[in-house]
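Enquirer: This is a predicted model, with the sequence first.
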Amino acid sequence: MPAMSEPVDKVAGRIADVAADCGIALVASLPDGWITPLITQFDRDARFRHVAVNREESAIGLCSGAFFGGIGAFALMGASGFLTCIYAITKINYTYQIPLLIGITLRGRPGDRAKFHQSNGLYLEPVIRSIDMPFVAIERGDDIARLATAYRHSRVLSRPVVVGFTREVLRGEA
Amino acid sequence: MNFEACFRLLADRLKHDVIVTSAGNCSEVWWEITRETERVFYLEASMSLASLFAAGIALGSPERTVIAFSGDGAFCMNPGMLLVERQLALPNLKHFMVSNRCYGSTNDLAHPFGDFVDYAALAKASGVERVYSFSTVEGLGQGLDDMIRVPGHAFAVLEVEPLGRHAPSPPLDGPEVKFRFGRYLERTGGRPVFDAPLDPK
């Protein structure tokens, strides 16, 4: 893994601090290039049990069960992986009204040069809206605290809430 | 072995453990035999996530034994679940995979996988250390305590015959399952599940 720049380290640390402070103790993840430093942060941070799962749906299952274990959980993944989870989210979290905080990358927005992510730019947010899932964009450093708001909202709502990180935030540029 | 005889033995012996059943025959037959509504989470239609859902419960409830049932149809959708289970290595997670070689929830439509896949070998190759395979009720009765009561993550294949009939699903809406199950865990010594626990006083 390439060495992390200082801003990236600091951003990952700030996100981890907010997550820990609001009660998250379990992080289940599958990587996206944008969140590799963040996953590394969670993995080496003793405040969290980090579980690298085999596919994104497994994060939904594990974190949903953790609710009943009394553990605050965060499912962290890329935008593409999130789109594979619609069935699991609607069948588990919507049917049983189980809260869950999901973190994703906002792939496909202007500035993302990866052609294979452009479909996310077109369809990611419309899909989120189509299943009435509350969406919190984290587009500036000052927005990171909204992760805690989103976590609490998922518990009040008894449904999942998704937070989306821009590349600029994750790189410490916004 | 006969599906119902297998589940009757399990229901008779697993009286105090937390249970997560997957969609179809696992939920239907457990409900039919036990009519339980509190220590059982009927996770219907998760398409392979029952054992990892159970793992999340087990992670926060180290004092309990948590038992997951997967059908072989669900298992084949996501055999990588075993890799995550192995990574977690939760000593209180016990996973039964019910192999009836068909999709029991959809009129016993056959699937071909059980004819050539050795599920127990798959689990061993995934690094799971304690793997069992039961094809008779007698064998299950003899080996069950070792699997369940000896600490350590364990995976068992239950080789059963197709149920051969329709069985009704538990008549519980999702939120009712959630609250009955969550309140049971809270009442019996688990960590608080809900943000506003019921006060028994």
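Expert: Done, it's in.

Enquirer: For residue A:39, see how far away the closest residue to chain B within chain A is.
Expert: Closest approach between chain A and chain B, counting by C-beta to the nearest C-beta: residue A:69, at 2.1 Å. Bear in mind the C-beta positions are built from the backbone N, C-alpha and C, glycine included. Separation of residue A:69 from residue A:39 (C-beta to C-beta, to the nearest Å) stands at 22 Å.

Enquirer: With neighbour numbers in mind, choose between those two.
Expert: Legend: neighbour count by other C-beta atoms under 10 Å in any protein chain shown for residue A:69 and residue A:39, higher for residue A:69 (24 against 19).

Enquirer: Can you check the pLDDT for the closest residue to residue A:109 other than its chain neighbours?
Expert: Take residue A:109 and drop its neighbours on the chain: the residue closest to it by C-beta to C-beta, 6 or more residues apart in numbering or on different chains is residue A:121, 5.5 Å away. Residue A:121 is assigned a predicted lDDT (pLDDT) of 90.

Enquirer: Give the helix, strand or coil label for residue A:121.
Expert: Using DSSP: H, G, I helix; E, B strand; the rest coil, the structure places residue A:121 in helix.

Enquirer: Please list all residues in contact with residue B:16.
Expert: Residue B:16 is in contact with residue B:39, counting by C-beta atoms under 8 Å, 6 or more residues apart in numbering or on different chains.

Enquirer: Just the pLDDT for the residue in chain B positioned nearest to chain A.
Expert: For chain B, the residue closest to chain A is residue B:60, as judged by C-beta to the nearest C-beta, at 2.1 Å. Note on residue B:60: pLDDT of 96.

Enquirer: Please apply the same query to residue B:198.
Expert: For residue B:198, pLDDT reads 69.

Enquirer: end-to-end on stretch B:62-80?
Expert: 23 Å (C-alpha to C-alpha, to the nearest Å).

Enquirer: and it, is it in reach of chain A?
Expert: Yes - using C-beta under 8 Å from any C-beta of the partner chain, stretch B:62-80 reaches chain A at B:78, B:80.

Enquirer: Can you give me the buried ones in that stretch?
Expert: B:64-79 (16 or more other C-beta atoms under 10 Å in any protein chain shown).

Enquirer: Among those, which are located in strands?
Expert: B:66-71 (DSSP state E).

Enquirer: For the spatially most central residue of chain A, which three-state class applies?
Expert: The centroid of chain A falls nearest to residue A:103 when counting by C-alpha atoms, centre = their mean (1.0 Å). Following three-state DSSP, the label given to residue A:103 is strand.

Enquirer: I'd say it and residue A:79 touch.
Expert: No - here residue A:103 lies out of contact with residue A:79, judged by C-beta atoms under 8 Å, at a distance of 10.7 Å.

Enquirer: Residue 10: how many residues sit nearby?
Expert: Since no chain was named, I'll use chain A. Neighbours around residue A:10, by other C-beta under 10 Å: 13.

Enquirer: try chain B instead
Expert: Neighbours of residue B:10 (other C-beta under 10 Å): 24.
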